[in-house]
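Undergrad: Got a predicted structure plus its sequence, pasted below:
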Amino acid sequence: MREVSLTRTGCRREPRRSPVACLVALAALILGVTAAYAVDPTQLPDPALQERYLALTHELRCMQCQNEAIADSPVSLAADLRREVRDMLLAGKSDEDVRNFMVARYGDFILFRPRFNARNAWLWMAPGVLLLIGALVFVRIVQRRSALVAEDNEPLEEDART
Amino acid sequence: MNRFVLPLGLFALLAVVLGIGIKHSPDKGTIASVLIGKPAPQFSLPSLTDAGRTVRSTALRGRWYLFNVWGTWCGECRAEHSMLLEVRQAGVVPLIGLDWKDEDADARSWLAQLGNPYEAVAVDREGRTAIDYGVYGAPETFLVNPQGIVVYKYVGPLTREAWERQILPLLPTRQAAR
């Protein structure tokens, strides 16, 4: 664990330091702690690769502890899947190759952002279809109401008598 | 009268859709395998029991077998072990084991102690073959047909019920005759 002491960075002992310095020290402390608890220490040589690696490992579900991404999960299967992602990226595979590899083995469930396919098409369409039905119902109601209002505007029989 | 037809119809439709959803919803969070109906992934791994020998998936072609993923670190595998021994005893279909991310010595003493239900055990130290099979927790058991197609997958410790009601009926009758 990285050691960050508040006294060394000067929050208390040196009153001349600005509040900003204190905040920076606090931030360093918090970041230091989270870095120590991070599950995945993997560092790829190329920063661009590292960025893609982080993005991918955060969008793949850990199948064992299903509400976590493989980036955050300490279980060994998640570590194995991170290794697969790393190796594939180092071998020059595209992000889509990695996703296809995972889906071919674990199914769509492994993706936190599900894809559009023949099986779930109705699910993707449903909101639009429901909105359309709602709009149609709305238009019909408005049409009927306005028809009623038109009837109301006709002169009453009493008016004719006077 | 007429104005109730549309809402009631919509309600009935929704009930049917939800009913189908409930019926198809996986039990206890079991995730359906995408491998069903697809060729079983190839592997060529060292054998646990015969030093220097290799267990190859290609050598298993031409007959039915159960592919069982286990490890000595897995408590539920101990729970299913007696059932696996029963399956071996029945002699209907051979069991091929995949020792997943395990220590060879531990695995060997496990089989020596509890009995060995497997015809062969492949050692998957890196866990790569398990990933190819979409394994997400041991034990898992796959039924593979003579064409090398995965026919059925059971997640969790194999039960007598799963063996008798799910796996046996899938096997050809000649082979299933005890």
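TA: Cool, the structure landed.
Undergrad: How is chain A partitioned into domains?
TA: With automatic domain parsing as the criterion, the domains of chain A are listed as A:6-37, A:47-110, A:121-153.
Undergrad: Might you report the residue contacts of the closest residue to B:T159 other than its chain neighbours?
TA: The shortest distance from B:T159 to any non-neighbouring residue, by CB to CB, 6 or more residues apart in numbering or on different chains, is to B:M83 (6.8 Å). Glycine gets a C-beta too; all of them are placed from N, C-alpha and C. Residues near B:M83 by CB atoms under 8 Å, 6 or more residues apart in numbering or on different chains: B:P157, B:L158, B:T159, B:R160, B:W163.
Undergrad: number of nearby residues for the first one?
TA: The local packing count at B:P157 equals 22, with neighbours defined by other CB atoms under 10 Å in any protein chain shown.
Undergrad: residue contacts, it?
TA: B:P157 touches B:E76, B:C77, B:A79, B:E80, B:M83, B:P139, counting by CB under 8 Å, 6+ apart.
Undergrad: Go through those and single out the one with the most neighbours.
TA: B:P139 (26 neighbours).
Undergrad: Around chain A, which positions in chain B sit nearby?
TA: Proximity of chain B to chain A is confined to B:29, B:31-35, B:101, B:126-128, B:130-137 under the rule CB under 8 Å from any CB of the partner chain.
Undergrad: Report all helices and strands that the helix or strand that contains B:P7 contacts.
TA: Assessed by DSSP states H and E, B:P7 sits inside helix B:2-24. Helix B:2-24 sits against no helix or strand, with contacts defined as 3 or more CB pairs under 8 Å, 6 or more residues apart in numbering or on different chains; DSSP states H and E.
Undergrad: can you do 10 Å?
TA: In terms of contacts (3 or more CB pairs under 10 Å, 6 or more residues apart in numbering or on different chains; DSSP states H and E), helix B:2-24 is packed against helix A:121-153.
Undergrad: Just checking the helix it packs on against chain B, any contact.
TA: Yes. Against chain B, helix A:121-153 shows contacts by CB under 10 Å from any CB of the partner chain at A:W122, A:A126, A:I133, A:V137.
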